[in-house]
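S.K.: here is my input; please provide its structure:
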Amino acid sequence: MKNILKIFSGIVISWLLISGVSAMWHWNWYWKNKMWKNHNEKNMIDNIEKQDLSDIEIDLLQKQYEEEMMANELYTSFYEMYGIETFKNIASSEAQHMKAVKSLFDRYELELPTNYDHIQDLYEQLKSDWSKSASQALEVWVKIEFVDIDDIVTAIKATDNDDVKIVLTNIGWASYNHLRGFLKAIDNNGYETELDYTPYLSDEDLVTKWPIKYKLIEKLESDSKKEQYKISIEKKYNSVIDRIKADTKKTQIILVKIDDLVEKTKNSSTLTEDKKISKVALLEALRELLESN
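M.R.: Sure thing, here's the model as predicted:
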């Protein structure tokens with residue numbers, strides 16, 4: 001057992017010592033580009049060169065518009081039923097998101113969705129849940145933001161069109177703030193939730209008064225580095241990983257250790273944010289490799 005743990009520690013330490021690992025996706029221009037100061041969707045993309053859209057990109061944009069349309073519809077209904085002001089405010093924001101995605105449909109002369117073809121099952125499920133109680137409606141709200149953030153991340157990774165990235169990133173930034181707003185509304189109204197929001201927001205994020213749009217950048221950079229680490233670890237340590245996975249009991253012990261290290265890393269007061277992202281990405285890469293068949 002000690003040998004296995006030494007191997008595990010060796011992998012972690014060796015990869016943490018590697019410098020210069022750059023993300024596959026380059027996000028620096030988000031911070032440098034002045035157009036982010038203007039949230040008018042037309043102004044955001046006017047100066048970006050048009051590129052052909054693949055069928056996958058079109059499909060993802062259709063799904064994204066449907067999700068924004070669903071959020072706007074359900075949040076408006078929630079406000080009319082329960083009178084919680086947060087529903088009204090974020091429903092208005094979702095309407096702006098619909099306009100932002102529509103700007104891409106107009107730009108590429110695509111037909112705008114009028115129903116929920118891509119998310120019909122999700123729509124029906126959420127619609128059946130929200131009418132049970134105000135607390136349930138707030139939880140549905142949180143679930144919608146989970147889905148929205150995940151799909152935005154997927155779509156950004158799948159496109160090489162800068163205009164699409166710009167619009168989706170702007171929406172993704174807002175989605176993290178929406179999620180925080182819903183979770184705070186649950187608390188402010190005296191409700192409790194068992195939904196696990198920690199993959200998206202920390203407890204510290206919930207209490208900050210500042211915008212938390214940087215969370216999307218963290219997610220994109222972390223996912224990118226995680227994929228790089230997985231490829232590199234498999235190439236160099238494939239036989240070691242196989243040896244660890246051959247013993248289920250030892251694998252479970254190491255997985256628990258990984259979870260503990262992830263938690264300590266996220267809560268560290270000494271590591272910079274960049275180092276936190278890199279270390280967590282490495283640990284999650286190891287976890288996924290050990291959990292894979």
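
S.K.: top helix in this structure by residue count?
M.R.: helix 214-245 (DSSP state H).

S.K.: give the buried residues for it.
M.R.: Applying a neighbour-count criterion of 16 or more other C-beta atoms under 10 Å, one finds 215-230, 233, 237, 241, 244-245 buried in helix 214-245. Where you see a C-beta, it was placed from the backbone N, CA and C, and this is true even at glycine.

S.K.: separation between Val147 and Leu53?
M.R.: 22 Å (C-beta to C-beta, to the nearest Å).

S.K.: now do Glu139
M.R.: Glu139 is 35 Å from Leu53, by C-beta to C-beta.

S.K.: also Leu282?
M.R.: 34 Å.

S.K.: so between the two, which is more surrounded?
M.R.: Leu282 (28 against 19; other C-beta atoms under 10 Å).

S.K.: could you double-check that that one lies in contact with Lys230?
M.R.: No: taking contacts as C-beta atoms under 8 Å, Leu282 lies outside contact range of Lys230: 9.5 Å.

S.K.: looking at the chain, which helix or strand does the model trust least?
M.R.: Least confident helix or strand, the chain: helix 28-32 with a mean of 41, by mean pLDDT, DSSP states H and E.

S.K.: which parts of the stretch 1-150 of the chain are helices?
M.R.: In the stretch 1-150 of the chain, the helices defined using DSSP state H, counting those that start in this stretch lie at 2-16, 28-32, 41-45, 55-82, 85-107, 120-130, 134-158.

S.K.: flag the shaky bits of the stretch 101-250 of the chain, pLDDT-wise.
M.R.: 130-131, 211, 213 (pLDDT under 70).

S.K.: same thing but at 80, please
M.R.: By pLDDT under 80, the low-scoring segments of the stretch 101-250 of the chain are 127-132, 209-214.

S.K.: is Leu195 in a helix, a strand, or coil?
M.R.: coil (DSSP: H, G, I helix; E, B strand; the rest coil).

S.K.: tell me the contacts of it?
M.R.: Glu139, Val142, Lys143 (C-beta atoms under 8 Å, 6 or more residues apart in numbering).

S.K.: hmm, 7 Å instead?
M.R.: Glu139, Val142 (C-beta atoms under 7 Å, 6 or more residues apart in numbering).

S.K.: what of Phe182?
M.R.: Thr86, Leu138, Trp141, Val142, Glu145.

S.K.: repeat that with 10 Å
M.R.: 75, 84, 86-87, 90, 137-145, 193, 195, 197 (C-beta atoms under 10 Å, 6 or more residues apart in numbering).

S.K.: how near is the residue nearest to it when sequence neighbours are not counted to Asp148?
M.R.: Leaving out its chain neighbours, the residue that sits closest to Phe182 by C-beta to C-beta, 6 or more residues apart in numbering is Trp141, at 4.5 Å. Applying C-beta to C-beta, the value for Trp141 to Asp148 is 11 Å.

S.K.: wait, isn't Asp148 in contact with Ser93?
M.R.: No: at 11.6 Å, Asp148 does not count as touching Ser93 under the criterion of C-beta atoms under 10 Å.
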